[in-house]
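1. Okay, here's the prediction I keep looking at, along with the sequence it came from:
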Amino acid sequence: MAASAVAMVAVSGLYYALFRYQFGAPIPASYDVSYWITWKEYLAERAATRGRVLIIGDSSSLFGMDSSVAEKELGRPVVNMSLHGGLPLDWLTTFAEKNAKPGDVVVMPLAWYYYWRDYKVPEDWMVDQIVAWDHGYFDGSSLAQKTRYIAAIKPTAFFRNIIAKEDRDAIYRQFPARKLMNDDKVISDLEGAQDAAPNPMQYDFRNLNRFGDMRGACGNARTVGGSITVSRVNLREKDLLVRTNKTLKERGVRLILMPAPTIEDPASLDANYSASLDGILSLMREAGIEIAGKARDFYFPRNAFYDTNFHLNCEYAVEHTSRMVEALRPAL
């Protein structure tokens, strides 16, 4: 029995070592997100030391924003630190806690699905980001969460990653964009891109402006889907937001949740639909978190969306931002 236990420990240790060995493998992943993070933290650090408004959400507040309007109207420095909807909620809350300073206001216009998703359940997209460039998230996770991610990786993906790590030099030659740039290079490239026309590839990190907004997503790139199906709030998500609110408040930072953009269609225009969304926000308010705005205030027509039912286009950026300002103004 003792020998079996030793063997099991040895095998587990070997597997863990192999799991970590795959980190940095140049597999297909959203490498630009790592550059978005670098730029947005740089912008936040450059902004005034107190009283900033940090918008921290997913791509529904990365696109269709004009933070220069918010800064002018609110009279406070505004940095759009929104990122990607594939990042789990604990990633975003940790990001907020890391970057917020006393006197700041963290505004989180989370896509609605964040309220019923479960951040403790690993998703394939996030597993790939951990392997490719975000192993810091894995390192900062609890032992239980590390175990979940180790168990979540599919054997085929695991072997693909190991092979990619071994063949990384050849892969870099074929796909040079998979070789991560250092922070200085990212910032230099973005500083140099500010006066240039946006890159046609809308998710290119060089399309971020000096406020952290995504530029160039104009018109209607494709037909978008309808409104999303509303589900029951996941108590894990709620509890995490409550803990984050407590942590930020203790540090002199305010957390305000806001509605995300919703596409107008027959389903969302039903009174029960908007009532369900507002019910989510009411639940958060009852838990002690500040709320600004109602769901219906952030409904937009189909032609306002660029390529998904989460991404507003540039034509509606000022309108979206103005609605956010009007909802936030009484709170600030």
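-> Nice, I can see it.

2. Going along the chain, name the helices of the stretch 151-300 of the chain.
-> Along the stretch 151-300 of the chain, counting by DSSP state H, counting those that start in this stretch, helices occupy 155-166, 168-174, 183-193, 235-250, 271-286.

3. and the last one, what other elements does it pack with?
-> The contact analysis (3 or more CB pairs under 8 Å, 6 or more residues apart in numbering; DSSP states H and E) places helix 271-286 against helix 235-250, strand 290-291. Where C-beta positions appear, they are placed from N, C-alpha and C, glycine not excepted.

4. go on, the third one?
-> The elements that helix 183-193 packs onto, with contact taken as 3+ CB pairs under 8 Å, 6+ apart, are helix 31-46.

5. Can you tell me what sits against the helix it packs on?
-> 52, 54, 62, 79-81, 83-84, 87, 95, 99, 129, 132-134, 177-178, 180-181, 183, 186-187, 190, 203-205, 208, 210-212 (CB atoms under 8 Å, 6 or more residues apart in numbering).

6. From these, list the buried ones, please.
-> Taking 16 or more other CB atoms under 10 Å as the criterion, what is buried in the contacts of helix 31-46 is 52, 54, 62, 79-81, 83-84, 87, 95, 99, 129, 132-134, 178, 181, 186-187, 190, 203-205, 208, 211-212.

7. Which helix or strand in this protein has the lowest average pLDDT?
-> Least confident helix or strand of the chain, by mean pLDDT, DSSP states H and E, is helix 2-21 with a mean of 72.

8. okay, Pro330: pLDDT?
-> pLDDT, Pro330: 92.

9. nearest spatial neighbour of it, skipping sequence neighbours?
-> In this structure, Pro330 finds its nearest non-sequential neighbour in Ala292, 7.7 Å apart by CB to CB, 6 or more residues apart in numbering.

10. For burial, what's the neighbour tally of the one you found?
-> Look at Ala292: counted by other CB atoms under 10 Å, it has 21 neighbours.

11. Quickly note the distance from it to Arg168.
-> In this view, Ala292 and Arg168 are 46 Å apart by CB to CB, to the nearest Å.

12. where are the low-confidence patches of the stretch 101-250 of the chain?
-> In the predicted model, the stretch 101-250 of the chain carries no residue with pLDDT under 70.

13. rerun at 80
-> Under the criterion pLDDT under 80, the flagged ranges of the stretch 101-250 of the chain are 200-202.

14. re the thing from before, gap between the residue nearest to Pro330 and Leu255?
-> Note on Ala292: its distance to Leu255, by CB to CB, is 11 Å.

15. same deal with Asp297?
-> Using CB to CB, we find Asp297 at a distance of 19 Å from Leu255.

16. what about these two, which has more around it?
-> The residue with more neighbours, out of Asp297 and Leu255, is Leu255; 25 against 15, by other CB under 10 Å.

17. residues in contact with the residue nearest to Pro330?
-> Contacts of Ala292 by CB under 8 Å, 6+ apart are 107, 256-258, 327-328, 330-331.

18. Show only the entries of the contacts of helix 31-46 found in strands.
-> Per DSSP state E, strands hold the following members of those: 54, 79-80.

19. Of those residues, just say which sits nearest to Val69.
-> Nearest to Val69, judged by CB to CB, of these is Asn80 at 11.3 Å.

20. Just read off the phi/psi values of the closest residue to that closest one other than its chain neighbours.
-> Closest residue to Asn80 apart from its sequence neighbours, by CB to CB, 6+ apart: Gly212 at 3.6 Å. Dihedral pair for Gly212: phi 100, psi 0, per degrees, to the nearest 10.

21. give the contact list for Gly212.
-> Contacts of Gly212 (CB under 8 Å, 6+ apart): 36, 39-40, 43, 55, 62, 67, 79-82.

22. got it, and Pro102?
-> 50, 251-253.

23. so which of those residues comes closest to Arg323?
-> Using CB to CB, the contacts of Pro102 come closest to Arg323 at Val253, 23.6 Å.

24. per-residue pLDDT, that closest one?
-> 97.

25. From Met108, how far out is it?
-> Going from Val253 to Met108 by CB to CB gives 12 Å.

26. go on, Arg50?
-> Between Arg50 and Met108 the computed distance is 20 Å (CB to CB).

27. Relative to Ala25, which of the helices of the stretch 151-300 of the chain is closest?
-> With CB to CB as the criterion, Ala25 lies closest to helix 155-166 of the helices of the stretch 151-300 of the chain, at 4.0 Å.

28. Go ahead and name everything in contact with that closest one.
-> Helix 155-166 is touched from outside by 18-19, 21-22, 24-27, 124, 127-128, 131, 153, 171, with contacts defined as CB under 8 Å, 6+ apart.

29. Are any of these buried, and if so which?
-> 19, 22, 24-27, 127-128, 131, 153, 171.

30. Dump those into CSV; add distance to Trp116 as well.
-> Listed next are the buried ones among the contacts of helix 155-166 as CSV, based on distance: CB to CB, whole Å:
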residue, distance to Trp116
Phe19, 29
Gln22, 31
Gly24, 33
Ala25, 32
Pro26, 34
Ile27, 29
Val127, 21
Asp128, 23
Val131, 27
Ile153, 25
Ile171, 37
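
31. Of those, just say which sits nearest to Asn272.
-> Checking the buried ones among the contacts of helix 155-166 against Asn272 with CB to CB, the nearest one is Val127 at 36.1 Å.
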